[in-house]
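Undergrad: Quick one, structure for this:
(2 chains)
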Amino acid sequence: MPTKLFLQNARVVDPQSGLDEVLDLIICHGRIVALGQDLKPKDPTESSSGAAPCEYYDLAGQVIMPGLFDMHVHLREPGYEYKGDIASESKAALKGGFTDILAMPNTSPACDNGEVVKFVIDKAAEVAPIRVHVCGALTKGEQGEALAEMGDMFASGACAFSDDGRGVQDAGQMRRAMDYARQFGCPVLSHCQDEGLAGVGQVNEGACSTLLGLAGWPAAAEEIQIGRDIALCRLTGEALHVQHVSSAHGLALVGAAKAEGLPVTCEVTPHHLFLCEEDIDKTYPTNLKVNPPLRTRADMEALQEALCSGQIDCIATDHAPHAQHEKQMEFELAPFGTTGLETALSLLYTELIEPGRLSWASLVNHYAVRPRQILGQAPLRIAEGEPANLTVFNPRPTWTVSRTDFVSKASNSAFLGRQLKGQVSQVFVDGQWRLRDGLPCA
Amino acid sequence: MAGLSCTNLLSMRDLDRQDINLILDTAETFAEVNARTIKKLPTLRGRTIVNMFMENSTRTRSSFELAQKRLSADSLNFSAASSSTQKGESLQDTAQTLSAMHCDLVVIRHRYAGSPYLISQNMQAKVINAGDGKHEHPTQALLDLMAIRRHFGHFDGLKCAIVGDIAHSRVVGSLGYALHYLGAEVIFVAPQTLLPARPDLLGADRVTSDLDSLLPELDVCYMLRIQQERIESSPFPSLREYAMLYGIDRRRLALLDQAAVIMHPGPVNRGVELSSEAVDNARNLLLEQVADGVCVRMALMYLMLGEVGD
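TA: Numbers count the residues shown, from 1 in each chain, chains lettered A, B, ... in the order given. Here you go, the predicted model:
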């Protein structure tokens, strides 16, 4: 990387400082040293005594934003390296435009003690091109029966707790976990699923379950736990973040809790935003088998509306890589989950930003600002003196999501075949140029 | 002569009205063959059919086997117990292996919904769904249609109740749709615990839990089998109470119209869906259904394989 890098003519968006205009930006020694209009570099040939070379990068038509943070990612390591590992999935995150991700604890062994937290952090420091944050388990082995060593995990670097992949079934246990987590100032991220009601459900209970003869997983099984956890938030005062909200009624519960002033936030995934149960047809597409399941068209539209009107705090992919042989199975035997890191931003641009429903400023708020606030991380700003943590998106290229194009070890994307607009072109992490013209830097 | 509009039979929805009539008309000609002393035709000589039964089935498999023998096809039985699936082979690999053996048709029964589609994507052979999970069982629907058409001569306006475990029934997945599609009025009779989320999508014009007041109006009273293994999830308190609310016994038999018929896909749990009086009653079509099963399966395999000029 040159000592001085001129990023010219890009639209710079950072709602934290009310920034949304075409500007030039100069990065020097990893920091943003200048930000302004028509920052004319000195004549490139006129190099002052001994100065390092400059590089000029014309980003006309592209968008520069603070590095995105995906707070719901399954890296699969340790234990399921055949699906994905810290190196491969963090690289996929880089390609998708993320400078930060939060790793979920449902590995093998589960991330339920300080040693596993340290392992993930150390391994990531060694192999990941971006920052990997760690979410510890709420209960031992994510079994929902006994508290996990949250203090040890916090001391080792965990910044949130969750039994993601499963709901904590016992309300008393969930209450204890929330009470206990409170001392560390970390939020509890809740995967809401009442197992008695969801049962062996494969798809949303409704048209899809009826027509395909698959067991239904009703939205009520999610809404019951959202309601319960909101009541526990009121009881304990612990910050609650509801993961992957999938239904309009679940959203309404979160909305009511926010209106009441409770510390409740929520996220929505791109697949719940842009797919619904009607997309699961008689070909039994297992990449569309996700948990919680794709809901009705009305739910999907309500989620889009809520995101665009600011009622949803953040977007998170729930990136869940699986090996091909696991997904090429009978629907009822295939595991839940879709990948998401490499398609999220292009989907959001194609479906919401380009049509004018969501502004770039809101996108940055939902995908860079809010996740850091929820997880108690320092904000990343685009301002002079700040380290360069930037995502650059080029809206021009059009592409088709294809099995062979993924950086992730897995290709189980629910969006295979979808035509998308725009791609991440550059990513800077802590001043390092990590993704250049869509390709990871060595 | 026009053949079927579909290559495989994975769902009743693959068949249009013309296809259904063609299958039933062809099945009628095979009914005559089945009444002869020598019941064998050379029609499918040299064709290979694999009966891939990944879930226990005696009635359906026997019916298919008999139909194959009567058409002189060579058939191979491939069951879960004897297959490599016990050794962990995926369905996809099993399908590709069988495909490499150059068979012409696969008849598949599997406990998981959608398996016939998965098979069809991994085989050159044509595929008949012989029941997939809780999804569909199209040849059962075809034999039921044949029995109904033989009895009433038509479907239009027939009032048909389907009684029992609608939610877990692959029979309803095919038959409810087909009856509705062919112009019959379809009424599902069950407690809410045995109903799917959207009965309308399976052909129901209406749903009731009151069998008694419905019985006098019915042309067809189709009783579904209670699967003992479903009892674990306790969708009803006891077989005794199920029989009390939804079984056909002597009293309910008397409520049925004289011209109405009782049907059941078999095997019957005597004393549950049907009392002995109801089973041994001239108004039921149970054995006709079994006989028609062989005929429609012969017709279907003949139409799918026999018409290829070679």
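Undergrad: When you work out contacts or count neighbours from here on, use the C-alpha atoms and nothing else.
TA: Noted.
Undergrad: Could you check how far B:S79 is from chain A?
TA: Taking CA to the nearest CA, to the nearest Å as the measure, B:S79 falls 17 Å from chain A.
Undergrad: Tell me the secondary structure at the closest residue to B:A204 other than its chain neighbours.
TA: Ranked by CA to CA, 6 or more residues apart in numbering or on different chains and with sequence neighbours excluded, the top spatial neighbour of B:A204 is B:V186, at 5.0 Å. With DSSP: H, G, I helix; E, B strand; the rest coil as the basis, the three-state label of B:V186 is strand.
Undergrad: Could I get the contacting residues of B:T208?
TA: Contacts here follow CA atoms under 8 Å, 6 or more residues apart in numbering or on different chains; on that basis B:T208 touches B:187-191.
Undergrad: Does the residue nearest to B:A204 touch B:D200 like I think?
TA: No: using CA atoms under 8 Å as the test, B:V186 is too far from B:D200 to be in contact (9.6 Å).
Undergrad: Overlap in contacts, these two.
TA: The contact lists of B:V186 and B:D200 share B:R206, where a contact means CA under 8 Å, 6+ apart.
Undergrad: Which one of these two is surrounded by more residues?
TA: Neighbour comparison, B:V186 and B:D200: the larger count goes to B:V186, with 27 against 19 (by other CA atoms under 10 Å in any protein chain shown).
Undergrad: Quick check: beta-bridge partners of that one?
TA: Taking DSSP bridges, one finds B:C160 as the beta-bridge partners of B:V186.
Undergrad: got the contact list for it?
TA: Here B:V186 is in contact with B:159-162, B:176, B:179-180, B:203-206 (criterion: CA under 8 Å, 6+ apart).
Undergrad: And the residue nearest the centre of the chain?
TA: Just going to use chain A. Central residue check for chain A by CA atoms, centre = their mean: the C-alpha nearest the mean position is that of A:D70, 2.5 Å away.
Undergrad: switch to chain B, that's the one I care about
TA: B:Q140 (1.3 Å).
Undergrad: In three-state terms, label it for me.
TA: With three-state DSSP as the criterion, B:Q140 was assigned helix.
Undergrad: picking that back up, out of the contacts of B:V186, who has the most neighbours?
TA: Greatest neighbour count in the contacts of B:V186, by other CA under 10 Å, goes to B:G176: 29 neighbours.
Undergrad: tell me which strands and helices the helix or strand hosting that residue is in contact with?
TA: When secondary structure is defined using DSSP states H and E, the element that contains B:G176 is helix B:170-181. The criterion is 3 or more CA pairs under 8 Å, 6 or more residues apart in numbering or on different chains; DSSP states H and E, and the helices and strands that helix B:170-181 contacts are helix B:138-152, strand B:185-189.
Undergrad: Can you say which of those is packed in most?
TA: Between these, the one whose residues have the most neighbours on average, counting mean count of other CA atoms under 10 Å in any protein chain shown, is strand B:185-189 (a mean of 25).
Undergrad: Dump that strand to CSV, keeping only the CA atoms.
TA: Output for strand B:185-189, consisting of C-alpha atoms alone and laid out as CSV, is shown next (Å, rounded to 0.1, in the frame of the first residue of the first chain):
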residue,chain,number,x,y,z
GLU,B,185,-67.5,-31.3,-3.1
VAL,B,186,-64.8,-32.2,-0.5
ILE,B,187,-65.4,-32.0,3.2
PHE,B,188,-62.7,-32.8,5.7
VAL,B,189,-64.0,-34.2,9.0
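Undergrad: Now do it and helix B:170-181, the angle between them.
TA: Between the direction of strand B:185-189 and that of helix B:170-181, the angle (axes from the mean of the first three to the mean of the last three CA atoms, to 10 degrees) works out to 150 degrees.
Undergrad: Any idea how far strand B:185-189 is from the middle of the chain?
TA: The offset between the C-alpha centroid of strand B:185-189 and the centroid of the whole chain comes to 17 Å, using CA atoms, centre = their mean, to the nearest Å.
Undergrad: what's the next secondary structure element after it?
TA: Helices and strands here follow DSSP H and E; after strand B:185-189, the next one along the chain is strand B:206-208.
Undergrad: Residues contacting the helix or strand that that next one is followed by, please?
TA: With elements assigned by DSSP H and E, the helix or strand that comes after strand B:206-208 is helix B:211-214. Contacts with helix B:211-214, where a contact means CA under 8 Å, 6+ apart, come from B:189, B:245-246, B:252, B:255.
Undergrad: Please convert these to JSON lines, extending it with distance to A:G417, secondary structure and pLDDT.
TA: Formatted as JSON lines, those follow (distance: CA to CA, whole Å; DSSP: H, G, I helix; E, B strand; the rest coil; pLDDT from 0 to 100):
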{"residue": "B:V189", "distance to A:G417": "42", "secondary structure": "strand", "pLDDT": "98"}
{"residue": "B:L245", "distance to A:G417": "50", "secondary structure": "helix", "pLDDT": "97"}
{"residue": "B:Y246", "distance to A:G417": "48", "secondary structure": "helix", "pLDDT": "97"}
{"residue": "B:R252", "distance to A:G417": "56", "secondary structure": "helix", "pLDDT": "96"}
{"residue": "B:L255", "distance to A:G417": "57", "secondary structure": "helix", "pLDDT": "97"}
